[in-house]
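Asker: Sequence and predicted model, in that order:
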Amino acid sequence: MTFSIKDILLMEVAPALGCTEPVAIALAAAAAASLLDHPEPDAIEVWVDPNIYKNGLAVIIPGTGGLVGLDTAAALGAFGGDASRGLEVLDTVDDAAVDRTRACVRDARVLVNLLEDRKGLFIRVLIRSGADTAEAVIEGVHDNITTLLRNGQPVADSPLVASKRGVDKGGLCALEEWLKAQSLDRLLELLDGLDADDLVFLREGVDTNMRLAEYGLRNDPGLGVGRTLERLVRQKLICRDMVQAARILTSAAADARMGGARLPAMSSAGSGNHGLTAILPIRAVYDYVACTEEDMLRAVALSHVVTAYVKAYTGRLSAVCGCSVAAGAGATAGVALLLGGSARHVAGAIKNLTGDLAGVICDGAKAGCALKLATAAGTAVQAALFALQGVNVWETDGIIGPSPEKTMQNIGTLSTEGMIETDRTILKIMLEKRFSGY
């Protein structure tokens, strides 16, 4: 089976409102609730894998006035979500749904269970309402609803089941296996298949993420990293260049998204923050170079492809910060291309980025992610500039391989094999904080 650039964009790039882990829980809850006749669930029970648990603990859920938590996400999806909207499930939430959610969580009607030994993305939500029950299961991908049950019986032909919405997990697995077999040269050749519709879609992604960045710079949500960097530029304490511009745009967008702004992000490889990192550094560099908008959009397309390539090896969620090593690799590849680099320069940029950021951990989604996205964005631009100046990390260094393909494969090995105990330790620390009241 062979895939085109259009296939990759269709499967890997989509709008998402809010952090995708709590949103996925809300999606499962909304799907289950849609099967019930009674408006008020008596109880909601949630089961999740460790990485969903880790990424849903501390991030603000959009449209809630600052609410956090997996229990909140489940109740919000059940009371106000529209499962037909996929990862934009919470776009329909109103104040009444938020009030009902607060009451439900306060009354301890939501129970969240951590499946400590579960591998891979997994969410199960069971809702009880009177004598009826409804259940939804999501596996593998954030919007991949694989099971719907009403009173223990499968719901036949539901349009909410992922395969009937065009979200085919089997197809995504096939895409990932195909990507693993490709060379960087072949990935670059895919760009020749971009058509006018693809460019419109890519432009929509840039505009979507720019709206988040603009919101972050205007309103100072989250940690305010982007706005603080902008202020430091005005105070002449730091200088604005393409590296700093990339950091400002990307972190401001992360401030907005992690701070609960009710604006979608164009995600990449299943993550909104990956989408911010994959797109916005390239958009920032676009203002500094003589090139066309189509050149910029082609660079964004390459960024999505390389991000998907790395994620095929690391998995959707891991102990390694995917914004740094996956979307960061995509962004630096795109920046190198936009700056006029050849395949050799793109390869060097990926190696430079990996040599710099391979050790960044993922300790859950939260406001502090804006700092990591600022680092990833700035390093992506710097790595590309270094490659264009002939600076390339040597293949004898650490986990860097003799080729960009082998380097990205090594990141996958580090994520899936080398960081297992690290992931457990991160979650243990986070749980200790939670249960101690911090």
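Answerer: Yep, it's here.
Asker: how about Gly412, secondary structure?
Answerer: helix (DSSP: H, G, I helix; E, B strand; the rest coil).
Asker: residues near it, how many?
Answerer: Gly412 is flanked by 21 other residues according to other CB atoms under 10 Å. Any C-beta I mention is one placed from the backbone N, CA and C, and that applies to glycine too.
Asker: Can you name the helix or strand that the nearest residue to it once chain neighbours are set aside falls in?
Answerer: Closest residue in space to Gly412, ignoring its immediate chain neighbours: Tyr313 at 2.4 Å, by CB to CB, 6 or more residues apart in numbering. Using DSSP states H and E, Tyr313 sits within helix 293-314.
Asker: Which residue ranges of the chain form strands?
Answerer: In the chain, the strands defined using DSSP state E lie at 13-17, 43-48, 110-114, 122-129, 132-139, 145-150, 153-154, 264-268.
Asker: Now distance to Ala33, mean pLDDT and mean neighbour count too, for these, in a markdown table please.
Answerer: Below are the strands of the chain laid out as a markdown table (distance: least, CB to CB, whole Å; pLDDT from 0 to 100; neighbours: other CB atoms under 10 Å):
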| stretch | distance to Ala33 | mean pLDDT | mean neighbour count |
| --- | --- | --- | --- |
| strand 13-17 | 18 | 92 | 24 |
| strand 43-48 | 9 | 95 | 21 |
| strand 110-114 | 13 | 94 | 17 |
| strand 122-129 | 6 | 95 | 23 |
| strand 132-139 | 7 | 94 | 21 |
| strand 145-150 | 11 | 92 | 19 |
| strand 153-154 | 17 | 92 | 10 |
| strand 264-268 | 22 | 95 | 28 |
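Asker: Make a markdown table from the ones you listed and add distance to Thr332 to it.
Answerer: Listed next are these as a markdown table, based on distance: least, CB to CB, whole Å:
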| stretch | distance to Thr332 |
| --- | --- |
| strand 13-17 | 18 |
| strand 43-48 | 32 |
| strand 110-114 | 35 |
| strand 122-129 | 32 |
| strand 132-139 | 32 |
| strand 145-150 | 34 |
| strand 153-154 | 46 |
| strand 264-268 | 14 |
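Asker: Relative to Leu357, which of those is closest?
Answerer: strand 264-268 (16.7 Å; CB to CB).
Asker: separation between the residue nearest to Gly412 and Arg231?
Answerer: Tyr313 sits 39 Å away from Arg231, going by CB to CB, to the nearest Å.
Asker: Looking at these two, which one has more neighbours?
Answerer: Set Tyr313 next to Arg231 and count neighbours by other CB under 10 Å: Tyr313 wins out with 22 against 14.
Asker: among the strands of the chain, which is nearest Gly348?
Answerer: So among the strands of the chain, strand 264-268 is nearest, using CB to CB, at 22.2 Å.
Asker: What angle do helix 293-314 and the closest one make with each other?
Answerer: 60 degrees (axes from the mean of the first three to the mean of the last three CA atoms, to 10 degrees).
Asker: other SSEs contacting strand 264-268?
Answerer: strand 13-17, helix 196-219, helix 272-286, helix 293-314 (3 or more CB pairs under 8 Å, 6 or more residues apart in numbering; DSSP states H and E).
Asker: Now do the buried residues in the helix holding Tyr313.
Answerer: By neighbour count on 16 or more other CB atoms under 10 Å, the buried set for helix 293-314 is 295-314.
Asker: Likewise for stretch 50-69?
Answerer: Here stretch 50-69 shows 50-64, 67-69 as buried, counting by 16+ other CB under 10 Å.
Asker: In CSV, list the helices and strands packed on strand 264-268 along with distance to Ala103.
Answerer: Output for the helices and strands packed on strand 264-268, formatted as CSV (distance: least, CB to CB, whole Å):
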stretch, distance to Ala103
strand 13-17, 23
helix 196-219, 29
helix 272-286, 28
helix 293-314, 38
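Asker: Not counting its neighbours along the chain, what's nearest Cys323?
Answerer: Thr277 (4.6 Å).
Asker: just checking, Cys321 touches Gly364?
Answerer: No - counting by CB atoms under 8 Å, Cys321 stays clear of Gly364, with 10.5 Å between them.
Asker: Name the residue in the two with the higher neighbour count.
Answerer: Cys321 (25 against 20).
Asker: and the more buried one, what is it in contact with?
Answerer: By CB atoms under 8 Å, 6 or more residues apart in numbering, the residues touching Cys321 are Leu357, Val360, Ile361, Cys362, Lys372, Ala376.
Asker: Ala299 now?
Answerer: Counted by CB under 8 Å, 6+ apart, Ala299 has contacts Ile282, Gly334, Val335, Leu337, Leu338.
Asker: Wait, the first one touches Ala301, no?
Answerer: No - contact status for Ile282 versus Ala301: not in contact, 10.0 Å apart, counting by CB under 8 Å.
Asker: Excluding chain neighbours, what is closest to Arg211?
Answerer: Leu263 (5.6 Å).
Asker: Tally up the residues packed near the one you found, please.
Answerer: 19.
Asker: which residues does it contact?
Answerer: So Leu263 contacts Leu17, Pro62, Thr208, Arg211, Leu212, Tyr215, Ala256, Arg257 (CB under 8 Å, 6+ apart).
Asker: Kindly reformat those residues as CSV containing distance to Leu87.
Answerer: Output for those, formatted as CSV (distance: CB to CB, whole Å):
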residue, distance to Leu87
Leu17, 7
Pro62, 12
Thr208, 13
Arg211, 17
Leu212, 15
Tyr215, 19
Ala256, 17
Arg257, 13
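Asker: Most neighbours among these, which one?
Answerer: Busiest of the contacts of Leu263 [other CB under 10 Å] is Arg257, holding 35 neighbours.
Asker: List the residues that contact the closest residue to Asp220 other than its chain neighbours.
Answerer: Once flanking residues are discounted, Asp220 sits nearest to Arg227: 4.8 Å by CB to CB, 6+ apart. Arg227 sits next to Gly216, Leu217, Asp220, Ala252, Asp255 when contact means CB under 8 Å, 6+ apart.
Asker: got these as a markdown table, with distance to Phe201 and neighbour count columns?
Answerer: A markdown table is the format used below for these (distance: CB to CB, whole Å; neighbours: other CB atoms under 10 Å):
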| residue | distance to Phe201 | neighbour count |
| --- | --- | --- |
| Gly216 | 24 | 32 |
| Leu217 | 25 | 21 |
| Asp220 | 31 | 18 |
| Ala252 | 23 | 34 |
| Asp255 | 26 | 31 |
